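# Here is my input; please provide its structure:
(one chain, ligands or ions: 1)
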Amino acid sequence: MSSSLSLNPCLDLRDALRVGAVVFVASIFGIYTAPPGVLAAFWPTNAVLVGLLLRRGHPPRTAHWLAAVTGYVVADLVMGHGWPKTLMLTSTNLMGVTVCWQLLARLPDEYRGLRHPRSMLRFVLVAMSGAAAAGVGGSVIHPALYGGTPAYGFLFWFSTELVNYIAILPVLLTMPDLVRRLTGLRRRGDWHLWRGGRAEYAAPLAAFAGSLWLGTQLGGPGVIAYPIPAMLWCALTYSLFATAGITLLFSMWTLLAIASGALVIGAPVDTPQAVMSLRVGVTLTALAPLAVASVMVARNELLARLQHAASHDPLTQVLNRGGFLARAEDLLAAPAAWPAAVLMMDIDFFKKVNDTHGHAAGDDVLTGFARLASSCLRSGDVLGRLGGEEFAVLLPGCSVDDAHAIAERICEAFAAQPIPLAGGARLHATVSIGLGCWTIPGTPVGTMLSQADGALYDAKHAGRNRVALAQTPTIDTAFVFR
Ligand SMILES: Nc1nc2c(ncn2[C@@H]2O[C@H](COP(=O)(O)OP(=O)(O)OP(=O)(O)O)[C@@H](O)[C@H]2O)c(=O)[nH]1
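Residues are numbered from 1 along each chain as shown. The predicted model follows:
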């Protein structure tokens, strides 16, 4: 969410109302699904509220907290709880939410988004702290409202909140990727529901579904762990968000299937203690795939950064020689890439620029040229810095006339636009370009570059600041255009 939201009271109010409405709907859901006369065991409201407050671009305001309190209170009153019970439940809910939100909001972004290898450890500690805060409230209100000891009240609230936070919050914490995708604000490498082809995508999900089904057929206490290998496979294949969704599904399915008798574990789950133990156990089981998915995200982000560093020139940020050659070979493997043209470009008298204005000014000229050349290219063209002041462009699917027009545009635009230097001065520079165009598919990139380099030599010798055409198998006369 943009920071303008915080400056716009109307938008802030609308946002707060949305928070209140979500709290109300989630609370009604929790109350409806609770067994009669007992406190709701699946209570998504608190985890959803924490997730909502964290997903906003800036801290919640008083209006958001007031809207949340109103959502809790109205839901309880609508469902027939009196004021004393409503206030006790609401304050206990808010104790847990406040602690959980405070602690998560203080975590660095990558920990909060579960994108750090150790983020799951911190996340579990935060979830336990939030659950413990709710447990403290529960130890006071539970005996008064439902009977039992304060210790039981603590344990019931602690276990319920722990399960809800661990099962639901990861989905919400990784959800911003989905929001960015839906709103078109996509970042490189940000969203991959899966990594790989279609079969690779479908297989882990099928294994997960199969393991759930197998559990219903075989029964016994071990069946709870049957889906773990499939969930680990999902974590290695799908995005963190998808994995979080799958682990939530696992927790809900396992608990519901045991409750309904579809999954027979052979042990009685007929005391509140046994129910609590089962719920916490099932949810903690789901932490393993989540931790693997977190490690995968961190690993993939690191790999992407390394790959970028290995294939790009740190000064101009265009491809380096290795990156250019690899990309060119990839592109030229497609028949549609032919005819293909190559431009070899070399900044004129660049040594003099360095000697006269200093190395930093030379660097400014290089970055200025890379920027300008990029702006003259079509999408799909590839620009690389082959070394020093020498750049190359691959123009796939480009006729010699179009390639010549692009080369002329770069040459003229560079000569016409002086480069602003750090001290405020402006520096005029020119570039010479050798151009080749090949119609025969399969011509090696190295051959194309060296023939275009020959034309660049011609351009330099004809006086620089010009474009020269290479001799290629289809064009057999080398000449200088101007
Ligand atoms: N500032 C800067 N200079 C570089 C960099 N890489 C190479 N150079 C310099 O680029 C210059 C290249 O000079 P030459 O190859 O003699 O070519 P030129 O002066 O451009 O002459 P012509 O190409 O014949 O027009 C050398 O002085 C290198 O030190 C760089 O990253 N930054």
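# Work out for me the element the closest residue to the ligand within the chain sits within.
In the chain, the residue that lies nearest the ligand is residue 362 (2.5 Å; C-beta to the nearest ligand atom). Every C-beta, even on glycine, is put in place using the N, C-alpha and C of the backbone. Residue 362 is part of helix 359-376, with elements assigned from DSSP states H and E.
# which of the residues in that helix are buried?
361, 362, 364, 365, 366, 368, 369, 370, 372, 373, 376 (16 or more other C-beta atoms under 10 Å).
# Okay, the fifth one and residue 422: tell me how far apart.
Counting by C-beta to C-beta, to the nearest Å, the gap from residue 366 to residue 422 is 14 Å.
# The last one now?
With the distance defined as C-beta to C-beta, residue 376 ends up 25 Å from residue 422.
# ok, the residue of the chain closest to the ligand - contacts?
Residue 362 is in contact with 350, 353, 354, 389, counting by C-beta atoms under 8 Å, 6 or more residues apart in numbering.
# any idea which of the residues you listed has the most stuff around it?
Most neighbours among the contacts of residue 362, by other C-beta atoms under 10 Å: residue 353, with 23 neighbours.
# Three-state assignment for the residue nearest to residue 219 when sequence neighbours are not counted, please.
Distance criterion C-beta to C-beta, 6 or more residues apart in numbering; nearest residue to residue 219, sequence neighbours excluded, is residue 264 at 4.1 Å. Secondary structure for residue 264, judged by DSSP: H, G, I helix; E, B strand; the rest coil, is coil.
# ditto for residue 60
coil.
# That one and residue 105, how far apart?
Taken as C-beta to C-beta, the span from residue 60 to residue 105 is 9 Å.
# likewise residue 299?
26 Å.
# I'd assumed residue 447 was in a strand, is it?
No: the assignment for residue 447 (three-state DSSP) gives helix, which keeps it out of a strand.
# What score does it have for pLDDT?
Note on residue 447: pLDDT of 94.
# Same question for the one 10 residues further on.
Model confidence at residue 457, expressed as pLDDT, equals 97.
# pretty sure it is touching residue 433, no?
No: checked against C-beta atoms under 8 Å, the pair residue 457 and residue 433 is beyond contact range at 11.5 Å.
# Looking at those two, which has the bigger crowd around it?
More neighbours surround residue 433 than the other of residue 457 and residue 433, with 28 against 16 (other C-beta under 10 Å).
# Helix or strand: which one has that one?
Here residue 433 is assigned to strand 431-438, by DSSP H and E.
# Sheet partners, orientation included, of that strand?
Note on strand 431-438: by DSSP bridges, its sheet partners are strand 340-347 (antiparallel), strand 467-469 (parallel).
# Now the following helix or strand past the first one - C-alpha only, PDB.
Stepping forward along the backbone from strand 340-347, the first helix or strand reached (DSSP H and E) is helix 350-357. Below are the C-alpha coordinates for helix 350-357, written out as PDB (Å, rounded to 0.1, in the frame of the first residue of the first chain):
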ATOM      1  CA  PHE A 350      38.200   7.000 -25.500                       C
ATOM      2  CA  LYS A 351      41.800   7.000 -24.200                       C
ATOM      3  CA  LYS A 352      41.900  10.800 -24.700                       C
ATOM      4  CA  VAL A 353      38.700  11.100 -22.700                       C
ATOM      5  CA  ASN A 354      40.300   9.300 -19.800                       C
ATOM      6  CA  ASP A 355      43.600  11.200 -20.200                       C
ATOM      7  CA  THR A 356      41.900  14.600 -20.400                       C
ATOM      8  CA  HIS A 357      39.000  14.400 -18.100                       C
END
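# avg pLDDT for helix 350-357?
94.
# now do stretch 286-297
For stretch 286-297, the per-residue pLDDT averages 94.
# what's the offset of that stretch from the middle of its chain?
Distance of stretch 286-297 from the chain centroid (C-alpha atoms, centre = their mean, to the nearest Å) equals 15 Å.
# And for it, what's in contact with it?
Against stretch 286-297 from outside (C-beta under 8 Å, 6+ apart): 114-117, 119-120, 124, 166-167, 170, 228, 231-232, 234-236, 238-240, 243-244, 246-248, 250-251.
# in that stretch, what counts as buried?
286, 287, 288, 289, 290, 291, 292, 293, 294, 295, 296, 297.
# before we move on, back to that, generate the PyMOL command that creates a selection of the buried members of the contacts of stretch 286-297.
The PyMOL selection below is limited to those of the contacts of stretch 286-297 classed as buried (16+ other C-beta under 10 Å):
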select buried, resi 114+115+116+119+120+124+166+167+170+231+232+234+235+238+239+240+243+244+246+247+248+250+251
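# and the ligand, which of the contacts of stretch 286-297 contact it?
With the criterion set as C-beta under 6 Å from any ligand atom, no member of the contacts of stretch 286-297 is near the ligand.
# okay if I get the buried residues of helix 359-376 as CSV plus pLDDT?
Below are those laid out as CSV (pLDDT from 0 to 100):
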residue, pLDDT
361, 93
362, 95
364, 94
365, 95
366, 97
368, 94
369, 97
370, 97
372, 97
373, 97
376, 97
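# mind putting the residues you listed in a markdown table, distance to residue 446 included?
Converted to a markdown table, those look like this (distance: C-beta to C-beta, whole Å):
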| residue | distance to residue 446 |
| --- | --- |
| 361 | 33 |
| 362 | 28 |
| 364 | 31 |
| 365 | 28 |
| 366 | 24 |
| 368 | 29 |
| 369 | 24 |
| 370 | 22 |
| 372 | 27 |
| 373 | 21 |
| 376 | 25 |
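# now, which of the residues you listed sits nearest residue 83?
residue 370 (68.7 Å; C-beta to C-beta).
# ok, that closest one touching residue 317?
Yes: here residue 370 reaches residue 317: they are 7.3 Å apart, a contact under C-beta under 8 Å.
# one step back: using a markdown table, lay out the contacts of residue 362 together with distance to residue 48.
Formatted as a markdown table, the contacts of residue 362 follow (distance: C-beta to C-beta, whole Å):
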| residue | distance to residue 48 |
| --- | --- |
| 350 | 60 |
| 353 | 60 |
| 354 | 60 |
| 389 | 57 |
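# which one of the residues you listed is nearest residue 439?
Nearest to residue 439 among the contacts of residue 362, with distances taken as C-beta to C-beta, is residue 389, at 30.2 Å.
# my read: the closest one touches residue 350, true?
Yes: using C-beta under 8 Å, residue 389 is in contact with residue 350, at 4.0 Å.
# Give me the common contacts of the two.
Common neighbours of residue 389 and residue 350, using C-beta under 8 Å, 6+ apart, are 362, 365.
# hang on, isn't residue 467 packed against residue 430?
No: applying C-beta under 8 Å, one finds residue 467 not in contact with residue 430, separated by 11.6 Å.
# Now list whatever residues contact both of those two.
Going by C-beta under 8 Å, 6+ apart, residues that sit against residue 467 and also against residue 430 are residue 411.
# Give me the more crowded residue out of those two.
Using other C-beta under 10 Å as the criterion, residue 467 and residue 430 rank with residue 467 on top: 29 against 15.
# how much space is there between the more buried one and residue 458?
Applying C-beta to C-beta to residue 467 and residue 458 gives a distance of 10 Å.
# One more: residue 264?
83 Å.
# neighbour-wise, which of the two wins?
Neighbours were counted for residue 264 and for residue 458 using other C-beta under 10 Å; residue 458 has more, 19 against 15.
# my read is the more buried one is in a strand, agree?
No: according to three-state DSSP, residue 458 belongs to no strand; its state is helix.
# what's the nearest residue to it if we skip its chain neighbours?
residue 468 (4.1 Å).
# Residues in a beta bridge with that neighbour, which ones?
Applying DSSP bridges, one finds that residue 468 bridges with residue 434, residue 480.
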